[in-house]
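# need a 3D model of the sequence below.
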Amino acid sequence: MEGDESYIFIAVVVQAYRFASNEYREFPLRFGDTICRVLDADLAGGKKMLAKCGNMSGCTFFKDKTYHVCNAVPDESKLPPHIPSGRYMLEIEISYRSIQLFLAKAYVAITRPEVK
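From the prediction side, this is the model:
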């Protein structure tokens, strides 16, 4: 569907949880917007990351096409500064209008070199 622009209604919401006391607890880092704005802003280097090892080149999505991403590594210079070291879980919700399409969970660790 070349002329279909329904993809502009695809939204992403990311909520972070920090591992503490043997469980993931809500962390005050949450953002959301349309997928097109997130890709255009290159948040966390996402646009470059998806194009580097995957078949996503932009915001246009086509019906009956499988998209994939592999070896995704964010650009740390484009992440929020001063996030405390630790283990985190990111819940990434993708929705179309008010219909949840899927919920993905990503587990990450933020580490810094030890200063002696």
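# mind picking out the helix or strand in the protein with the poorest mean pLDDT?
Taking mean pLDDT, DSSP states H and E as the measure, the chain has helix 46-52 as its least confident helix or strand, at a mean of 78.
# tell me where this structure has strands.
10-20, 23-34, 86-96, 99-110 (DSSP state E).
# packing partners for the last one?
In other words, strand 99-110. strand 86-96 (3 or more Cβ pairs under 8 Å, 6 or more residues apart in numbering; DSSP states H and E). All C-beta atoms are positioned from the backbone trio N, CA, C, and that covers glycine.
# quick one: low-confidence ranges for this structure?
1-7, 57 (pLDDT under 70).
# returning to what we had before: pipe the strands of the chain into JSON lines and attach mean neighbour count per row.
Output for those, formatted as JSON lines (neighbours: other Cβ atoms under 10 Å):
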{"stretch": "strand 10-20", "mean neighbour count": "17"}
{"stretch": "strand 23-34", "mean neighbour count": "13"}
{"stretch": "strand 86-96", "mean neighbour count": "15"}
{"stretch": "strand 99-110", "mean neighbour count": "10"}
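# dump the ones you listed to a markdown table, plus distance to N55.
Shown next, in a markdown table, are these (distance: least, Cβ to Cβ, whole Å):
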| stretch | distance to N55 |
| --- | --- |
| strand 10-20 | 17 |
| strand 23-34 | 21 |
| strand 86-96 | 17 |
| strand 99-110 | 18 |
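# before we move on, back to that, starting at the chain centroid, how far to the least confident helix or strand of the chain?
Shown here is helix 46-52, whose average C-alpha point lies 11 Å from the average C-alpha point of the whole chain (Cα atoms, centre = their mean, to the nearest Å).
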